[in-house]
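> just to be clear, the model below is a prediction. Sequence and coordinates:
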Amino acid sequence: LLQYIEYFITRFSFLQKPLFSFLMLDTNHEDTGLRLKQVDEDLAKHVSFLSDQPNTVSFILSDHGNNYGQFVSMTTESQVEVFHTALFMIVPDTAAVILGEKKIQSLYANQHRLISLLDIHHTLQGLLPSVGAEKGKDLKYGMNADGLLSPVSLGRTCNSIPRIPPSFCICQDFEKPAVSDSSFALYAEFALGRMNHEILQQQRTGKNSLKGYKACQRLIGVRFENVKIHEEHKNE
């Protein structure tokens, strides 16, 4: 796949045609890490290839953090680590000149700002010539129409960063551990009731609603643990 993408990029560069390519590698989707070692050398060569492409901006990112091995099954910290994704951008010197000094400075500054995948989406749009027509529009979450090509607000917090549930911000103290006492039992019962309600709705409206699935027992709470609290402040 990496060789095919390299051929694809080289060919379009020779033809002087615009190109957008997307490649997803799931080689490391296993617990031992052995398959990941096998791709190391090829991936390093591919990164070097991308860095040599004069008018190409490349994004290398993960869809989630560590989610394999005993770390996941034996620790609660893994529930946070899974949202700790990786993001790298490759901007060769020629591409940096094309983007201009202001955009490059924004990319440097945004390395230390809170961002999400939605920012990457707008960054890709910002690389298109038509983005100028969008700059005057108000976007949700106070986002830039050209994403990371403009400075992300210093005032962005965990409560305002755009994300898709159940993803949550991994910043320190975004969620705080609490004692799992009986005062949280009501919340647990409410959540369990919502789950049972959703399951019942699927049974009633699903394609298999007439095949005996209505006989399923309702979920019953046995215990709750690892309680965390998140507080939102009005000034955030």
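On my side now, so go ahead.

> going forward, measure contacts and count neighbours with C-alpha atoms only.
Will do.

> count the residues that sit near residue 47.
Residue 47: 14 surrounding residues under other Cα atoms under 10 Å.

> ramachandran angles for it?
Dihedral angles of residue 47 (phi, psi; degrees, to the nearest 10) stand at phi -60, psi -40.

> how close does it get to residue 174?
Per Cα to Cα, to the nearest Å, residue 47 is found 34 Å from residue 174.

> ok, residue 225 next?
18 Å.

> check residue 72 too.
On the measure of Cα to Cα, residue 72 and residue 174 end up 20 Å apart.

> so where's this structure shaky on pLDDT?
130-138, 163-166, 206-215, 232-236 (pLDDT under 70).

> now do the SS call for residue 151.
For residue 151, the assignment made with DSSP: H, G, I helix; E, B strand; the rest coil gives coil.

> dihedrals phi and psi, residue 176?
Phi and psi for residue 176, reported as degrees, to the nearest 10, are phi -120, psi 140.

> now do residue 89
Torsion angles at residue 89 (phi, psi; degrees, to the nearest 10) stand at phi -120, psi 140.

> hang on, it packs against residue 59?
Yes: contact criterion Cα atoms under 8 Å: residue 89 and residue 59 qualify, at 4.7 Å.

> what's the biggest helix in the chain, counting residues?
Identified as the longest helix of the chain according to DSSP state H is helix 185-205.

> show me how far stretch 140-160 is from its chain's centre.
In this view, stretch 140-160 has its centroid 15 Å away from the chain centroid, taken as Cα atoms, centre = their mean, to the nearest Å.
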